[in-house]
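A.B. asks: heads up, no residue letters with this:
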């Protein structure tokens with residue numbers, strides 16, 4: 001005798017067509033990834049013949065504060081560590097995005113409107129004489145080298161082929177006009193303060209920089225259009241920066257001539273900051289900075305910096321700078337966290353900037369590796385966030401009365417965490433930003449989120465949690481590109497390069513792998529590729545290799561498509577066990593259709609007497625026969641059945657298990673784990689996770705039978721919003737009514753004040 005399962009609860013059925021059912025979501029990703037080789041192996045690690053070039057720079061600069069120009073000359077030492085002979089070298093000329101014939105300006109799309117800012121007008125009229133003015137390109141003997149400028153790139157033709165293992169020296173002399181960032185924008189430039197006729201310079205991409213040459217792309221000489229950032233070689237830098245003698249300079253590297261530059265008082269304070277691990281020490285106070293900015297010196301000083309094993313160099317210079325610093329302890333060395341900011345940045349900057357730097361170093365190190373450089377600067381600017389080795393430019397300016405909005409406070413802390421975090425990705429784990437923005441912005445935004453949550457409980461992070469990407473994922477697919485798209489061709493740059501990959505990694509950590517497996521694999525990737533040039537394949541392979549989990553379906557869905565997540569719970573059916581026991585009322589058929597049928601309900605009152613009620617002689621055996629009633633034969637058959645069972649089978653029959661069959665539908669294209677929040681009638685709650693592999697046979701509908709020792713009341717899908725499901729209206733059984741709240745208000749003009757100002761007004 002077999003056990004028979006009877007369906008007692010009728011299901012709620014939702015029909016939907018899955019548009020993504022025409023390809024195997026769990027097919028291996030091999031055809032999309034490059035073949036492993038001696039340079040990059042199948043585990044995602046550098047191969048046994050991995051190589052990369054090295055470039056050293058000796059640079060002399062002069063900042064012309066009267067005319068806002070930079071004059072420079074540099075010696076480049078290029079080491080060919082590749083197996084390839086090179087007869088020309090490619091150099092990046094990023095400042096040429098502002099030249100009169102800039103391709104960036106020609107390729108920019110702009111419509112006229114009834115409102116246009118002066119900065120937009122300046123950019124449209126192209127009236128700024130930007131771009132590098134290259135005066136000389138020679139070899140080590142100062143003999144002229146033929147060179148060709150191609151927009152933002154320059155090809156230098158070598159007189160002799162540079163053989164594998166050899167090096168060459170190149171001398172370049174140049175100058176350019178520094179752009180006003182407040183008028184025409186840019187990652188680098190100056191801000192003018194008319195009150196005291198002063199400038200604050202944040203300078204980057206200021207020198208001709210060697211392009212990267214590697215085993216994947218050869219020369220990475222894709223033109224710079226302004227969005228796709230930079231990919232560079234590591235090397236050592238010696239940089240001498242000549243500025244007005246009353247300027248304070250912060251830069252990539254360590255100041256080599258501090259005794260010639262700083263006063264005894266400043267040197268003493270700087271020394272004290274190196275043992276201050278709790279609070280920043282002011283090296284230049286606000287009072288001192290305000291006095292300094294009132295009198296302009298006509299003399300000049302040269303600040304000399306040295307940096308080892310960095311991929312770039314940037315600096316900031318102004319007579320307006322307040323300077324504070326504190327020490328950050330790492331397992332190997334103590335690192336200095338520093339900030340330079342004008343009085344206009346206070347009180348925000350003195351309270352938060354350097355502590356945000358220190359906090360970032362602590363938590364990024366926790367998730368990756370010890371910060372390997374001696375210093376990390378945060379430099380104040382008004383409208384920008386941008387990163388370079390050991391130094392970054394960050395916005396965050398309060399109102400003139402010193403108050404600030406909540407948005408400004410958290411925006412400033414977040415941008416400092418983000419830009420300082422870029423030291424790890426891509427300044428150390430040196431991915432190709434020109435090609436794959438997500439490899440630095442996405443990974444960094446993910447770590448930014450983790451670090452923000454360590455700053456303050458329920459910190460208002462913009463990106464990271466799955467539910468914050470839902471609106472983007474459910475948007476018009478014509479305005480969405482896959483994450484695996486070149487930087488210059490992305491729709492919705494912020495969502496695509498920052499938000500979606502950060503969310504994907506958060507889902508991978510919290511839901512797919514779990515924190516322990518994810519953190520181990522992510523740290524392995526970070527350490528494998530320190531001071532090297534990883535590709536997406538290296539990241540994908542390392543995460544799988546180190547975690548032991550096949551994630552090809554995840555990379556394919558989240559990184560190579562514009563699909564979204566939408567999983568519905570179609571039905572929950574309670575299953576009851578028919579053991580065959582004739583004395584068990586639960587085994588009797590319970591068809592209540594007759595009681596529910598409208599005709600029978602009306603007939604109960606409408607038919608006063610049936611024929612057999614009028615004439616009892618019509619009643620025979622079958623008039624009262626109950627086929628479910630127990631009989632001696634049925635009891636004998638059931639007893640024989642029980643005797644044939646072993647102890648495990650008998651325990652199963654005697655148990656009070658409740659069985660449920662659940663049906664799920666994958667409406668969206670992305671398969672995800674099915675996460676269930678189970679509410680039971682006794683008031684208890686349980687979470688159950690079915691792995692994403694339940695969808696591996698590509699069916700749009702799957703079923704699962706679950707057993708519990710208590711009765712189920714309701715079921716939620718994705719109860720903690722882990723999967724970025726774009727439609728939660730189909731995530732409950734029984735279905736729950738969706739409520740949208742609205743607020744009644746009377747329209748009025750905005751006050752233009754922030755809550756801090758309003759609170760001060762109340763105090764007054």
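C.D. replies: Received, thanks. The structure displayed is predicted, hence computed values, not measured ones. Numbers count the residues shown, from 1 in each chain.
A.B. asks: in the chain, which residue is closest to the centre?
C.D. replies: With distances taken as CA atoms, centre = their mean, the residue of the chain nearest its centroid is residue 502 (2.5 Å).
A.B. asks: and it, which of the three is it?
C.D. replies: Of the three states, residue 502 takes helix according to DSSP: H, G, I helix; E, B strand; the rest coil.
A.B. asks: so which strand or helix has the residue nearest to it when sequence neighbours are not counted?
C.D. replies: The spatially closest residue to residue 502, leaving aside those adjacent along the chain, is residue 445, at 3.8 Å (CB to CB, 6 or more residues apart in numbering). C-beta coordinates here come from the backbone N, C-alpha and C atoms, glycine included. Element membership for residue 445, per DSSP states H and E: helix 438-455.
A.B. asks: packing partners for that helix?
C.D. replies: If contacts are counted by 3 or more CB pairs under 8 Å, 6 or more residues apart in numbering; DSSP states H and E, helix 438-455 sits against helix 348-367, helix 406-421, helix 500-507.
A.B. asks: circling back: residues touching the residue nearest to the centre of the chain, list them.
C.D. replies: 442-443, 445-446, 448-449, 463-464 (CB atoms under 8 Å, 6 or more residues apart in numbering).
A.B. asks: do that again at 10 Å, thanks
C.D. replies: Listed by CB atoms under 10 Å, 6 or more residues apart in numbering, the contact set of residue 502 reads 438, 441-450, 461-465, 468-469.
A.B. asks: Of all the residues in the helix holding residue 445, which ones are buried?
C.D. replies: For helix 438-455, the buried set under the neighbour-count rule, 16 or more other CB atoms under 10 Å, comprises 438-452, 455.
A.B. asks: Over to residue 518: give its phi and psi.
C.D. replies: Dihedral angles of residue 518 (phi, psi; degrees, to the nearest 10) stand at phi -60, psi -50.
A.B. asks: And residue 570, by the same measure?
C.D. replies: On the backbone of residue 570 - angles per degrees, to the nearest 10 - the values are phi -80, psi -40.
A.B. asks: How many neighbouring residues does it have?
C.D. replies: 18 (other CB atoms under 10 Å).
A.B. asks: and the direction of the helix holding residue 445 versus that of helix 500-507, what angle?
C.D. replies: Direction vectors for helix 438-455 and helix 500-507, defined by axes from the mean of the first three to the mean of the last three CA atoms, to 10 degrees, enclose an angle of 60 degrees.
A.B. asks: Heading C-terminal from helix 438-455, find the next helix or strand.
C.D. replies: Helices and strands here follow DSSP H and E; after helix 438-455, the next one along the chain is helix 470-473.
A.B. asks: For that following helix, give me every contacting residue.
C.D. replies: Judged by CB under 10 Å, 6+ apart, the contacts made with helix 470-473 from elsewhere in the structure are 466, 479-480, 492, 494-496, 499-500, 503, 558, 562-566, 668, 670, 721, 723-728.
A.B. asks: Among those residues, the buried ones, what's the ChimeraX command?
C.D. replies: Selection command for ChimeraX covering only the buried members of the contacts of helix 470-473, criterion 16+ other CB under 10 Å:
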select :466,480,495,496,499,500,503,558,562,563,564,565,566,668,670,723,724,725,726,728
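A.B. asks: Who is residue 73 paired with across the strands?
C.D. replies: Beta bridges link residue 73 to residue 60, residue 173 when assigned by DSSP bridges.
A.B. asks: Kindly report the same for the one 4 residues further on.
C.D. replies: The residues listed as beta-bridge partners of residue 77 by DSSP bridges are residue 56, residue 169.
A.B. asks: can I assume it is in contact with residue 55?
C.D. replies: Yes: with contact defined as CB atoms under 10 Å, residue 77 reaches residue 55; the gap is 7.0 Å.
A.B. asks: what touches both of these two?
C.D. replies: Applying CB under 10 Å, 6+ apart, one finds that residue 77 and residue 55 are jointly contacted by 167, 170, 235-236.
A.B. asks: if we can go back for a sec, mind pulling the model confidence for the residue nearest to the centre of the chain?
C.D. replies: Looking at residue 502, its pLDDT is 97.
A.B. asks: Then the one 10 residues further on?
C.D. replies: Here, the pLDDT recorded for residue 512 equals 97.
A.B. asks: what about it, neighbour count?
C.D. replies: 22.
A.B. asks: how about it, what does it touch?
C.D. replies: 504, 518, 547, 549, 551, 553-554, 672-673, 689, 691-692, 722-723.
A.B. asks: Quick one: those residues as JSON lines, columns for secondary structure and distance to residue 431 too.
C.D. replies: Written out in JSON lines, the entries for the contacts of residue 512 read as follows (DSSP: H, G, I helix; E, B strand; the rest coil; distance: CB to CB, whole Å):
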{"residue": "504", "secondary structure": "helix", "distance to residue 431": "16"}
{"residue": "518", "secondary structure": "helix", "distance to residue 431": "19"}
{"residue": "547", "secondary structure": "helix", "distance to residue 431": "20"}
{"residue": "549", "secondary structure": "coil", "distance to residue 431": "23"}
{"residue": "551", "secondary structure": "coil", "distance to residue 431": "19"}
{"residue": "553", "secondary structure": "helix", "distance to residue 431": "23"}
{"residue": "554", "secondary structure": "helix", "distance to residue 431": "19"}
{"residue": "672", "secondary structure": "coil", "distance to residue 431": "27"}
{"residue": "673", "secondary structure": "coil", "distance to residue 431": "28"}
{"residue": "689", "secondary structure": "strand", "distance to residue 431": "32"}
{"residue": "691", "secondary structure": "coil", "distance to residue 431": "30"}
{"residue": "692", "secondary structure": "helix", "distance to residue 431": "27"}
{"residue": "722", "secondary structure": "coil", "distance to residue 431": "27"}
{"residue": "723", "secondary structure": "coil", "distance to residue 431": "27"}
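A.B. asks: what mean pLDDT does stretch 461-471 have?
C.D. replies: Mean per-residue pLDDT for stretch 461-471: 94.
A.B. asks: same thing with stretch 148-162?
C.D. replies: Looking at stretch 148-162 alone, the average pLDDT works out to 96.
A.B. asks: Give the buried residues for that stretch.
C.D. replies: Going by neighbour count (16+ other CB under 10 Å), the buried part of stretch 148-162 is 149, 151-156, 158, 162.
A.B. asks: What about those residues, which are in strands?
C.D. replies: Among the buried residues of stretch 148-162, DSSP state E puts 149, 153-156, 158, 162 in strands.
A.B. asks: Tell me the one among those residues nearest to residue 283.
C.D. replies: For those, the residue nearest residue 283 by CB to CB is residue 154; the value is 39.5 Å.
A.B. asks: need the contact list for the nearest residue to residue 255 once chain neighbours are set aside.
C.D. replies: In space, not counting the residues next to it along the chain, residue 255 is nearest to residue 305; the distance is 5.9 Å by CB to CB, 6+ apart. If you count contacts by CB under 10 Å, 6+ apart, residue 305 has them with 59, 237-241, 249-257, 313, 315, 390.
A.B. asks: cool, and residue 291?
C.D. replies: The contact partners of residue 291, taken as CB under 10 Å, 6+ apart, are residue 285.
A.B. asks: And residue 614, by the same measure?
C.D. replies: Contact criterion CB under 10 Å, 6+ apart gives residue 608 as the residues in contact with residue 614.
A.B. asks: quick one: it and residue 239, what's the gap?
C.D. replies: Plainly put, residue 614 is 114 Å away from residue 239 if you go by CB to CB, to the nearest Å.
A.B. asks: Where does pLDDT dip in the protein?
C.D. replies: Low-confidence segments of the chain, defined by pLDDT under 70, are located at 1-23, 104-114, 116-126, 577-580, 583-592, 594, 650-652, 654-655, 745-751, 763-764.
A.B. asks: Would you map the strands across the stretch 601-750 of the chain?
C.D. replies: If you assign secondary structure with DSSP state E, counting those that start in this stretch, the strands in the stretch 601-750 of the chain sit at 658-666, 674-680, 685-690, 701-708, 712-717, 732-733.
A.B. asks: That'll do, ta.
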